[in-house]
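Trainee: Below are the sequence and a predicted model for it; my questions follow.
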Amino acid sequence: MSGDRKVVGRRHVSRRRLLKGAGIAAAATAATAAWPLYSASTRPNISTRVTGSGASEKPNVLLIITDDQPLHTEWATPTAVSWIAGQGIRFRNAHATTPLCAPSRASIFSGRYAHNHRVLDNGHPSRLDQNTTVQRHLQQAGYRTALFGKYVNYWGVKNPPPHFDEWTVVRPRYVDAHYNVNGIVQMIPGYTTTVLRDRLLGFLDRAALGSSPWFAIFTPNAPHRPSTADVPYEGSEVPSWSGRPSVPEKDKRDKPPFVRSSRYTFADGEDLRARQLQSLRSVDDALQAVRGKLIETGQLDNTLVIYCSDHGYLWGDHALLDKALPYGPAHQVPLYLSWPAAGLDSGTVDDRIAANIDLAPTILDAAQVAPTTPQDGRSLLSNFRREHILLESWRWSDDVRGGRPTWASYLSTTRQYVEYYDLHTNSAGDEVGSGKLFFREYYDLTRDPYQLDNLLHHATPAGERALDIPTLAKQLAADRSTWG
């Protein structure tokens with residue numbers, strides 16, 4: 001059967017050449033792609049057809065989600081950069097709409113903003129309606145579904161993840177972790193990324209012998225703190241770093257109180273950066289092995305591969321070492337996509353605003369599976385282009401540090417407006433509080449990309465009107481209530 005799969009791969013190469021003959025090559029070779037590489041009128045026919053071998057032509061899907069990986073970590077993941085971005089698409093304006101682990105993962109799986117899927121903090125994964133997830137839609141459409149790694153924060157290791165045919169779910173830990181392997185909880189010795197890699201490779205071998213398309217999620221712990229590297233990379237040398245203007249910001253009088261009181265230094269950020277890079281090296285080793293297995297089994301050509309992080313992280317920016325914040329390093333994420341059979345294999349850069357809420361719609365679009373529940377995101381395979389996006393985050397009642405207040409933000413490529421509210425989640429994960437607005441920020445991202453100068457700090461009412469703040473505030477209020 002593996003030989004039959006390779007025949008299918010050759011058929012897809014031929015179809016890709018047909019697309020390029022229709023004019024797709026010009027877009028694929030552009031330095032920056034303002035639009036995706038095909039539109040509704042020119043996209044390949046990916047409806048289910050069966051060859052003589054019985055193999056489906058619907059794409060396989062591999063979704064890779066790293067944990068807390070910010071931008072500017074490409075040195076540690078050359079395989080992701082050369083394979084998925086270099087032979088696919090790099091989205092250079094990609095964001096986590098809620099830059100915190102559980103809410104972001106719920107957004108990835110459901111295609112919804114956090115205010116719609118209602119996983120507002122890290123402590124209440126059961127609030128996610130599992131019937132809204134991409135794995136549920138694909139499983140019902142005949143895909144074989146699998147999960148290898150972390151699911152959603154505080155998901156009990158004894159609980160099977162819904163709508164997966166097989167799984168190896170880990171209780172987050174870097175070495176000698178406990179796993180739920182298809183319903184059996186056990187401790188498996190060794191480095192977690194490597195254990196998960198081997199489980200994924202076994203799945204790919206079995207999938208090559210089957211006739212159903214598959215959807216697999218690979219979600220290692222790295223580079224989440226404590227960012228423990230495997231032995232070969234522990235303490236290894238990483239490229240030097242001189243920081244950026246926001247590390248640390250010396251004058252923070254224009255920032256909200258929790259920022260003004262923060263005291264992390266350049267050395268703190270430098271240390272975390274080094275450990276994150278070191279832990280990501282094993283993720284890259286895993287990707288090399290996965291790519292080799294896809295080639296060996298003839299599945300690479302018709303596999304849609306998506307690489308992303310659940311959110312970013314601040315390396316001492318504004319004297320903060322954190323996530324769940326409206327500052328760029330926290331919500332900006334690496335996002336790459338490759339799908340050779342559909343012509344998405346040429347190493348382009350897409351400048352549209354993309355987000356974690358777009359991943360489920362993209363996957364369902366590729367599989368030609370219509371969602372049965374509303375989604376806020378849009379397929380990255382379409383011509384959709386947004387002018388701005390909503391970012392939002394909630395103060396978690398269990399956050400012992402007492403920082404990271406509830407906020408929401410209007411973000412475009414040129415400006416960002418932020419509001420902070422008297423709100424937090426309670427023990428049930430519900431939003432409570434007066435909702436009173438207590439601080440605002442506005443940044444001209446063209447002139448001030450590092451968010452050093454909050455233009456609302458001393459702005460008069462006339463100055464706010466000149467900055468178009470009333471319009472932005474009205475739009476932000478509308479975005480916070482948006483459904484689908």
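Mentor: That came in fine, so what should we check first?
Trainee: ok now stretch 170-177, how far from the chain's centre?
Mentor: 21 Å (C-alpha atoms, centre = their mean, to the nearest Å).
Trainee: And the contacts of that stretch?
Mentor: The contact list for stretch 170-177 (C-beta atoms under 8 Å, 6 or more residues apart in numbering) reads 149-150, 157, 178-179, 187-193, 195-196, 221-222, 224, 226, 228, 279. Just so you know, the C-beta spots here come from the backbone N, C-alpha and C atoms, and that holds for glycine as well.
Trainee: Would you mind listing the buried residues in it?
Mentor: Buried positions in stretch 170-177, judged by neighbour count with 16 or more other C-beta atoms under 10 Å: 170-172, 174, 177.
Trainee: following the helix ranked longest in the chain, which helix or strand comes up?
Mentor: Identified as the longest helix of the chain according to DSSP state H is helix 266-296. Following helix 266-296 in sequence order, the next helix or strand is strand 303-309 (DSSP states H and E).
Trainee: now the angle from that following strand to helix 266-296?
Mentor: 170 degrees (axes from the mean of the first three to the mean of the last three C-alpha atoms, to 10 degrees).
Trainee: outside of the next helix or strand after strand 303-309, which residues touch it?
Mentor: On the C-terminal side of strand 303-309, the closest following helix or strand by DSSP H and E is helix 328-331. Helix 328-331 is contacted by residues 70-71, 95-97, 99, 246, 311-315, 317, 322-325, 391, 411, 449-451 when judged by C-beta under 8 Å, 6+ apart.
Trainee: Buried residues, the longest helix of the chain. List them.
Mentor: Applying a neighbour-count criterion of 16+ other C-beta under 10 Å, the buried positions in helix 266-296 are 266, 268-270, 272-287, 289-291, 293-294.
Trainee: gap between it and the chain center?
Mentor: Its chain's average C-alpha position is 16 Å from that of helix 266-296, according to C-alpha atoms, centre = their mean.
Trainee: Does anything pack onto it? Which helices or strands?
Mentor: strand 60-66, helix 78-79, helix 192-208 (3 or more C-beta pairs under 8 Å, 6 or more residues apart in numbering; DSSP states H and E).
Trainee: closest one to N122 among the ones you listed?
Mentor: N122 sits nearest to strand 60-66 of all those, at 15.4 Å, using C-beta to C-beta.
Trainee: how about that closest one: buried residues?
Mentor: Under 16+ other C-beta under 10 Å, the buried positions of strand 60-66 are 60-66.
Trainee: G210: which of the residues you listed is nearest?
Mentor: N60 (10.5 Å).
Trainee: Surely the closest one is in contact with A208?
Mentor: No - at 9.8 Å, N60 does not count as touching A208 under the criterion of C-beta atoms under 8 Å.
Trainee: tell me, what's touching these two both at once?
Mentor: Q299.
Trainee: Which residue ranges of the protein form helices?
Mentor: 2-19, 25-28, 78-79, 101-110, 114-117, 134-140, 192-208, 257-260, 266-296, 328-331, 359-367, 461-466, 469-480.
Trainee: Let me see the residues that make contact with the third one.
Mentor: Under the criterion C-beta under 8 Å, 6+ apart, residues 284, 287-288, 291 lie in contact with helix 78-79.
Trainee: now, which of these sits nearest H115?
Mentor: Relative to H115, and with distances defined as C-beta to C-beta, the nearest of these is L287, at 33.4 Å.
Trainee: My understanding was that the closest one contacts A80; is that so?
Mentor: Yes - using C-beta under 8 Å, L287 is in contact with A80, at 5.7 Å.
Trainee: what is in contact with those two at once?
Mentor: I64.
Trainee: tell me, how many neighbours does S261 end up with?
Mentor: By other C-beta atoms under 10 Å, the residues close to S261 number 11.
Trainee: and if you look at G210?
Mentor: Residues lying near G210 (other C-beta under 10 Å) number 14.
Trainee: Just give the nearest non-adjacent residue to it, would you?
Mentor: Residue nearest to G210 in three dimensions, not counting chain neighbours: R144, with 6.7 Å by C-beta to C-beta, 6 or more residues apart in numbering.
Trainee: and if you look at S227?
Mentor: Spatially, and ignoring its direct neighbours in sequence, S227 is nearest to R275 (3.7 Å; C-beta to C-beta, 6+ apart).
Trainee: Was I right to think that neighbour contacts A229?
Mentor: Yes - using C-beta under 8 Å, R275 is in contact with A229, at 6.9 Å.
Trainee: residues contacting the residue nearest to S227?
Mentor: Listed by C-beta under 8 Å, 6+ apart, the contact partners of R275 are 223, 225-229.
Trainee: So which of those residues is the closest to Q299?
Mentor: Taking the contacts of R275 together and measuring to Q299 by C-beta to C-beta, the closest member is P223, at 27.7 Å.
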